[in-house]
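Chemist: Dropping a prediction and its sequence here:
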Amino acid sequence: MVLKLRAAALATRERRRNVAALARECRAERLRPLLVLPEGARAADGGELAREALATAGSDLLAARLAVALGAVRCEVWGEAAGLFTAGPEPLPSARLVRALDFEEAQELTAAAAEPVFDPRALAPLASAGVPLHLRSIDLPAASGTVVAKTPPPEGPRVKAISVRRGVTLVALDTARMWREVGFLADVFACFARHGLSIDAVSSSGTNLTVSLDPTAPARDPAVVAALLADLLERGDARLIGPAAALSLVGRGIRAILHELAPVLELFEELEVHLLTQSASDLALTVVVDEAESERLARDLHGLLFQHVAEGPLFGPTWEELHAGRRGCAALGAAGGESAGEEPPWWGARRAELLALAAERGPLYVYDAAGLETAARSLLALPALDRLFYAVKANHHPGVLALFARLGLGFECVSAAELEHVRAALPGLEPARLLFTPSFAPRGEYERALALGARVTVDNLHPLAAWPEIFAGRDLFLRLDPGRGRGHHPHVRTAGAQSKFGLSGGELERLPPLLARAGARVVGLHAHAGSGIRAAESWGDIARFLAAAAARFPRLAALDVGGGLGVPERPGQRPLDLAALDAGLARVKRAQAARSPGLELWLEPGRYLVARAGVLLARVAQLKEKGGVTYVGVETGMNSLLRPALYGAHHPIVNLSRLGEPATMTAHVVGPICETGDVLGRSRRLAPAAEGDVLLIANAGAYGRVMSSRYNLREPAGEWLLA
Ligand code: LLP
């Protein structure tokens, strides 16, 4: 047997213990594992097992080749993931482990993945030698994992998994010349080859050819793609479509079950499908749609295809179930404190109070003052930051505002009404602690903000060109478009050519005469990439981008790098690394120190400060079993918490009344609103719920109550601040 451990395998004590246990198990079975250790791992790290190490520069491919050369009975790859799932578990915790696949299915699935669970190149040598590949998890050593073999157990044709490949560009060519012209396609494909572009999927009709480009480096280079387009325009009407995403339903014999996919096709009713292919290998059905639609489509497809699937020889537990076993409670992972998953969440200790509040007040958002303060202090402690503004849009509860005011935060507002609300909640607040960052607001709101003495950010030329008089003698901030948006969902990415926010480079060129005519000065630059970002480098990137524009503005005093700091939402997600965020900002500050001494760095987070400190409590109103699915209906739904319906957001849910009891029920948690989308959580594991039990929906302090409505004339949940 050949064992391959991934680089991160020995990173923690728990993992080292698992590796040692593995060694003992091998000895008990009289197996002599040949271990391929990851690069950089010291032999001693692997304990007893490592003494049998063969090489230190390991890779999946090397392990596969060794397994073949040695005639191994199997090749085991021990990584972080428990194997292959019915969908990428990152966006879908309800994805199930796929226990068995054949080599071609595994190839189809992993070749499409941005970060495959293992190197797909390792499959070919194993397949030709007939050595099965076992994918196992170093964190979940008891989980059976995925076995990729020549002949997995016969199951009959069915879709085994959905893969999503983002960042796809399509090239479409319309021309009547295609029809019966010998060599036309060869000539067109030669154009792609000349520009070094590799084609992935192809579909053609009498007058149209559409291909998707493999996401290689040339395909990402706008100059290369533009040159290709110029060539193609000589041959017909050529255009680019993108960014798009390719969704593949993978499973052998898919042609035999096309008729069963009728409900799946209904999902395309309101979607533009750019390309549809079904390869002769009969392994996959692929649709290409706009990238912005792909996440929602993948979730809906997964629901349709897998929500009724039970555990058996082909499918294992869900990703959430697997990790719930490890952490004790699936919900805790994303709902915990600073280091999500490690610390128990605050609400466990305050269960009795919360139950009493829910009984007395009905559906209720409850905020924990201590949690708000901890989050704020963790950001106030970052040395590279000079000022912290709270993005009021995330939660405008007056008690929350008062707490942040006491800690010295400023307030970022996006409407005149938010400014007035903050002033009413915090009488006596210095106007300099108000920041006004509107988008397409009418003139009167700018006038009001300026009259109040708030700092005003302009993100369009229109206000300066059309109402120069209101900016006479004023200090302004400019919002620039950093070009690349980030965030948890396309709706919350606020940069790039497709977004309405910020000034582009071209608009900046037209700015100086407008500023001069108005008699306004630019004292700050601002950019905001999006919301729910957990990549720590994002804010350093923004600061560097703003610093590059700083030379144009001699009076500059501050760079506002926006908000968007994410918190873990799904089990297993890593928290944002604040130290790395700070280091990124500090680097820019140091580089800028000589040119603009004293230039301040500002941050304006919303979610990070309030999300984890808030929960939504709702009592169970009714239960139902239909079509093999259990529904737990609670007294409030999308009218209180819109995020699951709007973004497919994941909020951990627990049965607070039965906290600590085993989560043996799997149910969709739904609200009372007359919309099919009124689902707060799908396929959730709960302690068995009964009418009157209080469910707690965690991580709901940000963009919860503020986005609620009276839809169906149902009052949304109230609010309560726990001191
Ligand atoms: N600054 C600007 C200019 C913004 O547009 C926003 C959020 C923030 C700061 C604060 O972003 P945060 O730190 O909270 O991510 N409703 C969505 C989030 C929309 C965010 C809009 N802008 C959600 O529920 O995820």
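Modeler: Nice, thanks for sending it over. Numbers count the residues shown, from 1 in each chain.
Chemist: Which strand or helix spans the residue nearest the centre of the chain?
Modeler: In the chain, the residue lying closest to the centroid (Cα atoms, centre = their mean) is residue 488, at 4.1 Å. Element membership of residue 488, judged by DSSP states H and E, is empty: it is in no helix or strand.
Chemist: From what I see, it and residue 566 are in contact.
Modeler: Yes. Using Cβ atoms under 8 Å, residue 488 is in contact with residue 566, at 6.5 Å. For glycine as for every other residue, the C-beta is placed from the backbone atoms N, C-alpha and C.
Chemist: any residues in contact with both of those two?
Modeler: 531-533 (Cβ atoms under 8 Å, 6 or more residues apart in numbering).
Chemist: Can you pull the poorly scored residue ranges out of the stretch 51-200 of the chain?
Modeler: 51-58, 89-91, 112, 114, 152-155 (pLDDT under 70).
Chemist: mind listing the strands for it?
Modeler: 53-55, 75-79, 96-98, 100-102, 133-137, 146-149, 161-174, 199-204 (DSSP state E, counting those that start in this stretch).
Chemist: Can you pull up the residues of the stretch 451-600 of the chain that come close to the ligand?
Modeler: 492, 494, 528, 531-532, 562-565 (Cβ under 6 Å from any ligand atom).
Chemist: Among the shared contacts of residue 488 and residue 566, which one sits closest to residue 245?
Modeler: Of all these, residue 532 has the smallest distance to residue 245: 18.7 Å, by Cβ to Cβ.
Chemist: Report the contact partners of the residue nearest to that closest one when sequence neighbours are not counted.
Modeler: Once flanking residues are discounted, residue 532 sits nearest to residue 488: 3.1 Å by Cβ to Cβ, 6 or more residues apart in numbering. Going by Cβ under 8 Å, 6+ apart, residue 488 touches 531-533, 566, 569, 647, 649.
Chemist: can we see that at 10 Å?
Modeler: 91, 295, 530-534, 564, 566, 569-570, 607, 643, 647-650 (Cβ atoms under 10 Å, 6 or more residues apart in numbering).
Chemist: ok, how many other residues are close to residue 553?
Modeler: 17 (other Cβ atoms under 10 Å).
Chemist: tell me the contacts of it?
Modeler: 478, 511, 515, 521-525, 596.
Chemist: Helices - which of the residues you listed land there?
Modeler: Those of the contacts of residue 553 mapping onto helices are 511, 515, per DSSP state H.
Chemist: By pLDDT, rank the contacts of residue 553 and give me the bottom one.
Modeler: Minimum pLDDT for these is recorded at residue 596 (86).
Chemist: So it sits against residue 556, correct?
Modeler: Yes. Between residue 596 and residue 556 there is a contact under Cβ atoms under 10 Å: 6.2 Å.
Chemist: intersection of neighbour lists for those two?
Modeler: Residues touching both residue 596 and residue 556 by Cβ under 10 Å, 6+ apart: 547, 550.
Chemist: what about the two, which has more around it?
Modeler: Neighbours per residue, other Cβ under 10 Å: of residue 596 and residue 556, the larger number sits with residue 556, 25 against 17.
Chemist: Report the secondary structure state of that one.
Modeler: Residue 556 falls in the coil class when you classify it by DSSP: H, G, I helix; E, B strand; the rest coil.
Chemist: now it: how far from residue 601?
Modeler: 12 Å (Cβ to Cβ, to the nearest Å).
Chemist: For the two, list the residues in contact with both.
Modeler: Joint contacts of residue 556 and residue 601 (Cβ under 10 Å, 6+ apart) are 546-547, 592.
Chemist: Show me which of those residues is closest to the ligand.
Modeler: Comparing these against the ligand with Cβ to the nearest ligand atom picks out residue 546 as the nearest, at 13.4 Å.
Chemist: Three-state assignment for that closest one, please.
Modeler: From three-state DSSP, the assignment for residue 546 is helix.
Chemist: Quick check: it touching residue 527?
Modeler: Yes. Look at residue 546 against residue 527 with Cβ under 10 Å: they come within range, at 5.8 Å.
Chemist: list residues touching both of those two?
Modeler: Common neighbours of residue 546 and residue 527 (Cβ under 10 Å, 6+ apart) are 478, 480, 482, 559-562.
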